[in-house]
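Student: what's the 3D shape of this:
(one chain, ligands or ions: 2)
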Amino acid sequence: MTELRGPVRIVGTGLIGTSIGLALARLGVVVELVDGNPDNALMAERIGAGSRQVEIEPQLVVVAVPPDHVGAVVAAQLDQTTAVVTDAASVKSKPLADARKLAEDVSRYVGSHPMAGSERNGPLAARADLFDGATWAITPHETSDPQAVDLVRRLAEACGARTVEMSVADHDLGVARVSHLPHLMSALAAGTLADAPSSHLELSGQGVRDVTRIAAGDPRLWTQIVSANSTALTGLLEQIRGELDRLLVALGKEEAGEELTAILGQGVSGAIRVPGKHGAPHIDLVTVLVTIPDRPGQLAKLFADAAESGANVEDLRIDHSPGRPVGEVELSVKPGTVDQLVDALTTRGWVVHV
Ligand SMILES: NC(=O)C1=CN([C@@H]2O[C@H](COP(=O)(O)OP(=O)(O)OC[C@H]3O[C@@H](n4cnc5c(N)ncnc54)[C@H](O)[C@@H]3O)[C@@H](O)[C@H]2O)C=CC1
Ligand SMILES: O=C(O)C(=O)Cc1ccc(O)cc1
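Tutor: Ligands and ions are numbered 1, 2, ... in the order given. Below is the predicted model of the structure:
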């Protein structure tokens with residue numbers, strides 16, 4: 001096994017690069033920060049992700065720049081160092097093809113992709129715990145050196161992630177389904193709100209927030225991501241176009257109940273296959289709804305009371321609309337622990353619904 005000793009050079013100190021730096025800093029690994037925009041490297045240094053000047057040669061270089069630039073930066077780093085080089089781009093075929101055009105030998109390069117991020121960008125959006133419990137894909141190519149693959153796996157683990165190894169092509173098909181298509185659907189749904197009357201937007205609840213959150217991602221970055229994965233996306237979008245036509249026909253019928261139920265049922269079948277947190281299989285959780293007065297300190301009290309119950313809160317959602325005197329907190333717990341949570345909260349005066 002190859003040990004991750006560092007230094008690790010990060011090229012591209014935005015959301016992902018700076019988060020990797022912060023995660024490695026937790027372990028005391030020496031991190032060098034490089035960015036085409038000096039302000040971003042300075043900001044990343046100031047928030048503790050590493051240092052802009054490191055005298056020792058890197059053991060590993062992580063390229064965390066937008067996909068169109070990855071191949072060139074990877075090739076330059078292979079040329080300038082003797083380090084293993086990886087990248088974090090959301091697509092894997094194009095960076096590899098670009099790097100191969102520019103570098104003679106790409107055996108020290110192994111692509112990778114942390115499956116965690118945010119709709120925000122830049123170093124100020126970075127978090128040390130961004131990858132804790134997340135999946136991180138490692139995508140060796142035909143000539144990747146096995147020791148380089150090992151070192152990249154070590155990087156992902158050091159950042160708190162669990163790794164899955166897959167081919168470059170399979171990765172790009174997979175992310176088209178679980179990341180890029182959902183992003184485009186979110187953008188289309190959110191786009192219809194751009195000119196909506198504010199009286200309609202005032203009706204917004206958690207559902208529309210869930211569906212539109214990722215649409216706020218940087219359009220320039222996402223243009224590069226979806227363009228680089230256009231073949232896989234085209235197939236999926238054609239499938240969706242067929243389903244949209246089926247939906248329109250069903251909605252146009254007077255007695256369309258069964259057809260609509262079938263389409264919505266297919267959605268349920270897909271939704272329950274999305275794995276739960278930490279890559280674990282999906283388990284049915286029970287949601288306990290707690291009404292919470294809009295006063296300082298109430299959330300802290302609720303969490304303390306929930307902890308007293310001994311039930312582990314697996315997921316949490318806060319639905320709070322400004323101007324309303326109360327908000328609602330959803331605590332998701334395993335079915336076996338619902339009663340103890342409800343009892344403990346009710347005894348302590350909370351208004352609880354299951
Ligand atoms: N945003 C997300 O949630 C996720 C993004 N990724 C991938 O990570 C990579 C970085 O994305 P973000 O951190 O979100 O972007 P970002 O916009 O926050 O950061 C990108 C950084 O790269 C720098 N940069 C651009 N071109 C450069 C070059 N040629 N040389 C040196 N620095 C350069 C920019 O100045 C910026 O600081 C992308 O390839 C993206 O596909 C992967 C997982 C999640
Ligand atoms: O914001 C989220 O929930 C994401 O899923 C972020 C994300 C964006 C791009 C990726 O390549 C991987 C993850």
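
Student: And for the helix or strand bottoming out on mean pLDDT in the chain, what's in contact with it?
Tutor: Least confident helix or strand, the chain: strand 315-319 with a mean of 81, by mean pLDDT, DSSP states H and E. Here strand 315-319 makes contact (C-beta atoms under 8 Å, 6 or more residues apart in numbering) with 205-206, 277, 285, 299, 327-332. All C-beta spots, glycine's among them, are computed from the backbone N, C-alpha and C.

Student: And the helix or strand following that strand, what does it pack against?
Tutor: Per DSSP states H and E, the first helix or strand lying C-terminal to strand 315-319 is strand 326-333. With contacts taken as 3 or more C-beta pairs under 8 Å, 6 or more residues apart in numbering; DSSP states H and E, strand 326-333 sits against strand 286-293, helix 298-309, strand 315-319.

Student: where does the stretch 51-200 of the chain come near ligand 2, residue by residue?
Tutor: 90, 115-119, 179 (C-beta under 6 Å from any ligand atom).

Student: Of those, which is the most crowded?
Tutor: residue 90 (26 neighbours; other C-beta atoms under 10 Å).

Student: so who does it touch?
Tutor: Residue 90 touches 67, 113, 175, 179-180, 225, counting by C-beta under 8 Å, 6+ apart.

Student: ok, now with 6 Å
Tutor: residue 225 (C-beta atoms under 6 Å, 6 or more residues apart in numbering).

Student: Same check on residue 13?
Tutor: Neighbouring residues of residue 13 by C-beta under 6 Å, 6+ apart: 33, 35, 40-41, 44, 123.

Student: ok, it to residue 28 distance?
Tutor: Applying C-beta to C-beta, to the nearest Å, the value for residue 13 to residue 28 is 19 Å.

Student: How about residue 149?
Tutor: 24 Å.

Student: more neighbours, those two?
Tutor: The residue with more neighbours, out of residue 149 and residue 28 and counting by other C-beta under 10 Å, is residue 149; that gives 21 against 7.

Student: neighbouring contacts of the helix or strand where residue 75 lies?
Tutor: Using DSSP H and E, residue 75 sits within helix 67-80. Under the criterion C-beta under 6 Å, 6+ apart, residues 11, 61, 63, 65, 85, 87, 89, 91, 95, 98-99, 102-103, 108-109, 224-225, 228 lie in contact with helix 67-80.

Student: and with 8 Å instead?
Tutor: So helix 67-80 is contacted by 9, 11-12, 61, 63, 65, 83, 85, 87, 89-91, 94-103, 105-106, 108-109, 221, 224-225, 228 (C-beta under 8 Å, 6+ apart).

Student: With stretch 180-193 instead?
Tutor: So stretch 180-193 is contacted by 90, 201, 208, 211-217, 222, 225-226, 229, 232-233, 236-237, 240 (C-beta under 8 Å, 6+ apart).

Student: just the buried members of those?
Tutor: Buried members of the contacts of stretch 180-193, counted by 16 or more other C-beta atoms under 10 Å: 90, 212, 214-215, 217, 222, 225-226, 229, 232-233, 236-237.

Student: between those, which is nearest residue 153?
Tutor: residue 90 (19.1 Å; C-beta to C-beta).

Student: Would the longest helix anywhere in the chain count as contacting ligand 2?
Tutor: Assignment by DSSP state H gives helix 230-252 as the longest helix of the chain. No. If you take C-beta under 6 Å from any ligand atom as the test, helix 230-252 misses ligand 2, and the best it gets is 13.5 Å.

Student: now do stretch 205-220
Tutor: Yes. Stretch 205-220 lies within reach of ligand 2 by C-beta under 6 Å from any ligand atom, at residue 214.

Student: so where is the stretch 101-250 of the chain shaky, pLDDT-wise?
Tutor: The model of the stretch 101-250 of the chain has no residue with pLDDT under 70.

Student: Next up, the contacts around the residue in it that ligand 1 sits nearest to.
Tutor: When scored by C-beta to the nearest ligand atom, the stretch 101-250 of the chain has residue 117 as its residue closest to ligand 1, at 1.8 Å. Residue 117 is in contact with 15-16, 130, counting by C-beta under 8 Å, 6+ apart.

Student: can you rerun that using 6 Å?
Tutor: Residues near residue 117 by C-beta under 6 Å, 6+ apart: none.

Student: ok so, going back, in helices, which of the contacts of helix 67-80 appear?
Tutor: Checking these against DSSP H, those in helices are 94-102, 221, 224-225, 228.

Student: If you rank those by neighbours, which is first?
Tutor: For those, neighbours tallied by other C-beta under 10 Å; top is residue 95, 29 neighbours.

Student: what does the stretch 51-200 of the chain have sitting close to ligand 1?
Tutor: 64-67, 69, 73, 88-90, 114, 117-118, 121-122.

Student: From ligand 2, how far out is residue 344?
Tutor: 32 Å (C-beta to the nearest ligand atom, to the nearest Å).

Student: cool, residue 153 as well?
Tutor: Separation of residue 153 from ligand 2 (C-beta to the nearest ligand atom): 18 Å.
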